[in-house]
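Engineer: when you get a sec, could you give me coordinates for this:
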Amino acid sequence: MDFLKLAQERYSCRKFEDKPVEEEKIDALLQAAQLAPTAVNFQPQRILVLTDKEKIKALDENKCTRYTFNAPLMMVVCYDTEKSWKRKYDNADEGIVDASIVATHIMLEATSLGLGSTWVGSFDPAIAKSVLNIPENYKVVALLPIGYPDQKPSAKHSDRLPIADISSRNNF
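Structural biologist: Numbers count the residues shown, from 1 in each chain. Coordinates of the predicted model:
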């Protein structure tokens, strides 16, 4: 699939079929994550793969997030703050950028495999770390519910600002 076509096909899926995602598709999603570029190639990303419905449900029950959408698969995208690259000028931690690129690769690969996904940023990171037993030196960046879509994309999905509104040339 052509990249722009793939990007056009991808949307935030919030309703999934009650059907597990096959292991070979999970492996492909993880391979997409592995191939994502990271600052200085430090690869600080860590993905917790949740296929146990009770573990996924625990995120909602413990008030971490209500946005699990009954997905059969949840990928929790984190990065290790002890391994991520820090910019020397202001010590900015690029791990959040690395993890975001990884999450994007996962979502695009999900679309290419006929799966739906959405990026959940509305969660309590402290509760996520506690419920999922994530080590202290990791930061949780995104929760990615993934599965077979049980919905069509909404019209809102195709609403995009004109290119002239999101870019400029040579001057800001």
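Engineer: I'd say residue 9 and residue 111 touch.
Structural biologist: Yes - using CB atoms under 8 Å, residue 9 is in contact with residue 111, at 5.4 Å. In this view, the C-beta of every residue, glycine as well, is placed from N, C-alpha and C.
Engineer: and the strand ranked longest in the chain, average pLDDT?
Structural biologist: Identified as the longest strand of the chain according to DSSP state E is strand 138-147. For strand 138-147, the mean per-residue pLDDT is 98.
Engineer: more neighbours: residue 9 and residue 111, which one.
Structural biologist: Neighbours were counted for residue 9 and for residue 111 using other CB atoms under 10 Å; residue 111 has more, 20 against 14.
Engineer: what's next to the helix or strand hosting the more buried one, contact-wise?
Structural biologist: Taking DSSP states H and E as the definition, residue 111 sits inside helix 95-112. Residues outside helix 95-112 that contact it (CB atoms under 8 Å, 6 or more residues apart in numbering): 1, 6-7, 9-10, 28-29, 31-33, 35-39, 42-45, 47, 75, 77-81, 83-85, 116-117, 119, 139, 141-142, 144, 146.
Engineer: show me which residues of that helix are buried.
Structural biologist: 95-111 (16 or more other CB atoms under 10 Å).
Engineer: again, but for stretch 143-155
Structural biologist: 143, 144, 145, 146, 147, 148, 149.
Engineer: stretch 14-29: end-to-end distance?
Structural biologist: 19 Å (CA to CA, to the nearest Å).
Engineer: pLDDT of that stretch, averaged?
Structural biologist: What stretch 14-29 shows for mean pLDDT is 97.
Engineer: just the buried positions in it, please.
Structural biologist: 14, 16, 21, 25, 26, 28, 29.
Engineer: show the contacting residues for residue 55.
Structural biologist: By CB under 8 Å, 6+ apart, the neighbours of residue 55 are 74, 132.
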